[in-house]
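Q: Okay, here's the prediction I keep looking at, along with the sequence it came from:
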Amino acid sequence: MNTLTGEITAITTEQYISLVKILAGDQLFYSLILDTPDTSPWLKIGAAVRLLFKETEVMIALPTSTPLPISVRNQLPCHITSIISGTILCELTLALTPLTNAPSASQAGQQHIKAIITRAACDALSLKENDPIIALIKTNEVSLAHD
């Protein structure tokens, strides 16, 4: 399970659903949750949260243009730091690229996530270490937890 820490920067609510914008390190994330500030007191701008999402929910795209013209809101520029290839699946370790208007992250402070994709997809994209990629995660796959 990928776990990152972040801070809520915006909340849009409609009926019982909230679209939450979170700044995690130098990256913006979006999470669609079945909660509202009225029902959950922890759900407020400035609150510290943990973002949780499965490695199998991370899709990989080659960076042709950013943002990609698709409906996935979480489009995270990364580069591949390692690939563990199996017969069926590959595990990719990805270093998140800081946003262009954010201060540069030091190597020690750089955030990493993992993605698990099929070996066939990894081979078809000709992925290798140090390649720049875009990690894609649907908003409903990013869960939030508070302390």
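A: Received the coordinates, thanks.
Q: From here on, just use CA atoms for contacts and neighbour counts.
A: OK.
Q: Over to the closest residue to residue 62 other than its chain neighbours. Which of the three states is it?
A: Computed as CA to CA, 6 or more residues apart in numbering, the closest residue to residue 62 that is not its neighbour in sequence is residue 133, at 4.9 Å. On the three-state scheme (DSSP: H, G, I helix; E, B strand; the rest coil), residue 133 is labelled strand.
Q: Pull up the gap between residue 133 and residue 22, please.
A: According to CA to CA, to the nearest Å, residue 133 and residue 22 sit 21 Å apart.
Q: Those two: which has the busier surroundings?
A: Neighbour count, other CA atoms under 10 Å: between residue 133 and residue 22, residue 22 has more, with 26 against 22.
Q: For the more buried one, list the residues it contacts.
A: By CA atoms under 8 Å, 6 or more residues apart in numbering, the residues touching residue 22 are 6, 7, 8, 9, 10, 28, 29, 30, 31.
Q: ditto for residue 59
A: 115, 117, 135, 136, 137.
Q: possible to save those residues as JSON lines with pLDDT and distance to residue 47?
A: Converted to JSON lines, the contacts of residue 59 look like this (pLDDT from 0 to 100; distance: CA to CA, whole Å):
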{"residue": "115", "pLDDT": "97", "distance to residue 47": "27"}
{"residue": "117", "pLDDT": "96", "distance to residue 47": "32"}
{"residue": "135", "pLDDT": "96", "distance to residue 47": "25"}
{"residue": "136", "pLDDT": "96", "distance to residue 47": "24"}
{"residue": "137", "pLDDT": "96", "distance to residue 47": "22"}
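Q: Check these and tell me the two furthest apart.
A: Of all pairs drawn from the contacts of residue 59, the one with the longest distance (CA to CA) is 117 and 137, at 12.9 Å.
Q: Am I right that the residue nearest to residue 62 is in contact with residue 79?
A: Yes. At 5.7 Å, residue 133 and residue 79 qualify as touching, with contact defined as CA atoms under 8 Å.
Q: out of the contacts of residue 22, who's nearest residue 70?
A: Minimum distance to residue 70 across the contacts of residue 22 is 14.8 Å, recorded for residue 30 (CA to CA).
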